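S.K.: coordinates only, sequence not included:
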């Protein structure tokens, strides 16, 4: 199994390397000079030149790139251009909130997705299956900004049980924080939960139609055991791969959900940094997101291999 | 019901709902009994209802299937109306089941031990986990898995196909059932492995007294393993009696037709198989009367208007009356049996002419996936020659490289090494233009008549495709040629406008043959052209190929795993094993005086549709070299 | 040709010719519901100039007028603009964006897939390219593209197209790889058909069905991306309305003027649900 992961490592590193190049290059394509916008409209050419000098913008592109990567490897992300403070601090502030949001959403995805999948495939009553089907179709199709607005209308405006937006840290006031967390996490989770649920349902149905389930049925095995011991273990590994991909989607979706619910996470930071041409912050942020994505893929592969004995004993 | 009767099926009717809503009557009015310790075969072609009957016994019908009428009495308990709880107590504990494909019938994520443990647990066999594990090892040992205790922790992919079938048999026996229902248990296996599994089933029946209900399409398997046989056709039982009687003195015309269509290893090369004309009935559109009447040469008017009951037939000379029952009006009055196998009819076939195709030391290696993928040597120095008007039969089991050889000969894949000559020209690695001309003279017929036809095209378009590719004729000329070709392979010209979906398996294979003949090739490579077809249809297609060879002077490569078919159609036979040709010779010589031990093993394992008592020599003696 | 009796050419069952799966899908209950929903939204967008009594950008003195206000049946927004007009023109703008961007993405994706089918080396390159695009979360991609091009209609179209390229590309590449190994493709090669003919006449028609489903799915994704970009403030430039921008402008007034949000909520939901129902109906028929 170690070999299984090691084989995937080079291509993951390659993606990271190319992504860093693309990020670096794209930001240099952005029209406008950060030094000019930083210096302000009234600044003279000397001021701009001084700023350029200080930010290292006069260096050749390769050396700027090497400087950036070198900083990353030594843990020194350097100062932010425009927002102020250290890039690393800004990112770690936002990261906490975003991780809270995506982790909560991931829990929702796993819980709701499994429920949708198992109920949709095995509920004895037809109307339960029909309801699950309708729910997944809806959750899958309707974009998060619509569900977000609907959730706020329902829970914050009509029922007034949850706040419409904002953020309280889990560390300072956990009970309050959960209230603030519920709506955005649910909004973020719903489409992915629907995808997972549908996928799991198809997988369970397919597994239940397999010959080996017929073998077990013929041996007199109880239907409940058919589901938990035969269908689920075979439907899970591909669902785990899907969950890995959905984690990436959650990170992307967080940007939007943060905007709807005024959640001070990386999405907000990214929006701010991009509009203010804060190169270091944008670079670091984008590369961080790509890294997280790639690492999630690697973890997914690991879990898959662990769940599937055909790979485990390769 | 007497004490010795274990299972009694009365008037069983099973229906499915087709996707278009039509009711398909898969099983109609089936009645039979099975005694304790008895071995009973249910034989029939696809669509005969044999598997559905077996699945209905334990109420394991898939999808929309349901029992519409009838009883399944197991020691007096009616399973057709039993509740889920009662059924669970019957499945595994009283009725054990083994299915066709051992490759998919085991859960890939569970070990062999876990499978057996589950089967034991389901019926409370074994006090605790340790006891069950010990019993599981015993069971594996019983079915002949060497080193059973150590292999409990292996996963299914670590066992061979034959071993997996053994594990499945062990699972079916875990609950110590009264009857083992085996649904085509050896169809997915090679002949030599089939032989071992059938021996095992027979041994288990003798040693444990478990009754055996064996579902099969293969008359040879019936002869080999069961004392009594039910013949099914169109969803109903047409004949029921002792195997020795039914296989040698059939009463129902369908049984006789089926026996005549089975290729026999004892029949010499160059004889014709007799197929049954027509195709099986559409179970969604059954009418009153005998289902076989439309294909039956002996049918009378009453056969088409009234369904004959399954009734005892009059005694034939040397037979106690009433041992054989048949569902046939004429048979109920006839006092002599039908012929089991008509005397072989020799075909007038041309003498082989000049050599057209020569292969020398062909080699082909496949690389497995990934950088460390295992390499598989599919062809290892294969040499052969083929003359005009000659049929070269190639036999071998799965993985012997025979399909790869077909593809290399037809230039579907290039070979890695060796040379290939066509009419004296070296065509091993032809340039693009030359390849085009080579392909015109070497065409191929594929195994799977479903997969080898593009579902989006009509039969006419499929047959015209090579004409188009080789620039033969204009639009009207091609249409005329398609008509000619359809007639040549025994289809109506109107078939040109229909898509593959609307044809039966045999008809699709005819379309495949017409496509191959379109560019007027001199060599036709047939890769298992009949192994996906039913026996009665197989005989038609084999007949068609021999006729075409005679009329067009084709050189044929005929690849199959069934030695009997190959012997009948081929002038010469090449036996393949692990990528090599281990023996070549004239067809009769190879089958009667095999030189290679592998050929001898193949011959010994081939089941003949002759009851054991009628076999000329005991099975386990060495074939004289 | 003596012993083989010609088979009757009429097959087992003289059934009525099976309907084309697409038509069967659109005739199913799901397909019809979807079609009606989509048709309503498309009509509203097409007829916007006729149905709307006002320009979508004209401001009146009445801000946040309620439903049923004379002259403003759906009320007005915070700047006093007619909500019916903004809804209709917003729908029109969305439809314009999605019918441009999805086919563009599909076309590029399919071109890449065809390129990948040429040679294993190109295949690897194309695969890595798709991986790279997919490694960027979609909306981050949106932010980056807008950073270069500035906000507006074109970046929205490009972002959607870019995001759809791997979806279509992977689907078609997978389809080609599967169909290429099918026996009928080998049969066509042995039958002398050229590589291009095998691809266009045999492989592509059999690999195309999932792409049709993907188009319906991608249209819903396009609606999502447009709305999301409006919410992030990088979408079509105000004051031009889109469904996403009208909805995002309504968020601060959810408690005081919920009807502000109602129009776009219902329209977006109808459009995406309709498209998903069509996609599902198609998928079911194709898988048969």
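M.R.: The structure has been received and is ready for your questions. Please read all numbers here as calculations on a predicted model, not as lab measurements.

S.K.: and the stretch 51-200 of chain C, which of its residues are near chain A?
M.R.: Along the stretch 51-200 of chain C, the residues adjacent to chain A under the rule C-beta under 8 Å from any C-beta of the partner chain are C:128, C:131-132, C:134-140, C:143-144, C:146-148, C:150. Bear in mind the C-beta positions are built from the backbone N, C-alpha and C, glycine included.

S.K.: show me which of those is closest to chain B.
M.R.: Lowest distance from chain B to those (C-beta to the nearest C-beta) belongs to residue C:128, with 17.1 Å.

S.K.: picking up where we left off before, in PyMOL, how would I select just the buried ones from the residues of the stretch 51-200 of chain C next to chain A?
M.R.: Only the buried members of these end up in this PyMOL selection, burial being decided by 16 or more other C-beta atoms under 10 Å in any protein chain shown:
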select buried, chain C and resi 131+132+134+135+136+137+138+139+140+143+144+146+147
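
S.K.: just the residues of the stretch 51-200 of chain C next to chain A: which are in helices?
M.R.: Under the assignment DSSP state H, those contribute C:128, C:131-132, C:134-135, C:138-140, C:143-144, C:146-148 to helices.

S.K.: get me the contact residues on the stretch 1-150 of chain A for chain B.
M.R.: If contact is defined as C-beta under 8 Å from any C-beta, the residues of the stretch 1-150 of chain A in contact with chain B are residue A:7.

S.K.: element containing the residue most central in space within chain A?
M.R.: For chain A, the residue lying nearest the average C-alpha position, counting by C-alpha atoms, centre = their mean, turns out to be residue A:251 (2.2 Å). With secondary structure defined by DSSP states H and E, residue A:251 is part of helix A:232-260.

S.K.: how confident was the prediction at residue A:2?
M.R.: The score at residue A:2 is 61. That number is its pLDDT.

S.K.: same question for the one 5 residues further on.
M.R.: As summarised for this prediction, residue A:7 has a pLDDT of 76.

S.K.: just residue C:205 next, same as before
M.R.: Reported pLDDT at residue C:205 in the predicted model: 91.

S.K.: could you do residue A:215 as well?
M.R.: Model confidence at residue A:215, expressed as pLDDT, equals 92.

S.K.: next, the angle from the helix holding residue A:251 to helix C:138-149.
M.R.: Going by axes from the mean of the first three to the mean of the last three C-alpha atoms, to 10 degrees, helix A:232-260 is angled at 40 degrees with respect to helix C:138-149.

S.K.: who does helix A:232-260 touch, helix- and strand-wise?
M.R.: With contacts defined as 3 or more C-beta pairs under 8 Å, 6 or more residues apart in numbering or on different chains; DSSP states H and E, helix A:232-260 has these neighbours: helix A:87-122, helix A:144-151, helix A:174-208, helix A:266-275, helix A:279-307, helix C:138-149, helix C:209-231.

S.K.: wait, which of the ones you listed is closest to residue B:309?
M.R.: Distance to residue B:309, taken as C-beta to C-beta, is lowest for helix A:174-208 among the helices and strands packed on helix A:232-260, at 40.0 Å.

S.K.: hmm, back to that, how about the ones in helices among the residues of the stretch 51-200 of chain C next to chain A in CSV, adding pLDDT and distance to residue A:305?
M.R.: Shown next, in CSV, are these (pLDDT from 0 to 100; distance: C-beta to C-beta, whole Å):
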residue, pLDDT, distance to residue A:305
C:128, 84, 22
C:131, 80, 19
C:132, 79, 24
C:134, 78, 21
C:135, 72, 21
C:138, 74, 28
C:139, 77, 31
C:140, 75, 29
C:143, 79, 35
C:144, 77, 34
C:146, 81, 39
C:147, 75, 39
C:148, 76, 40
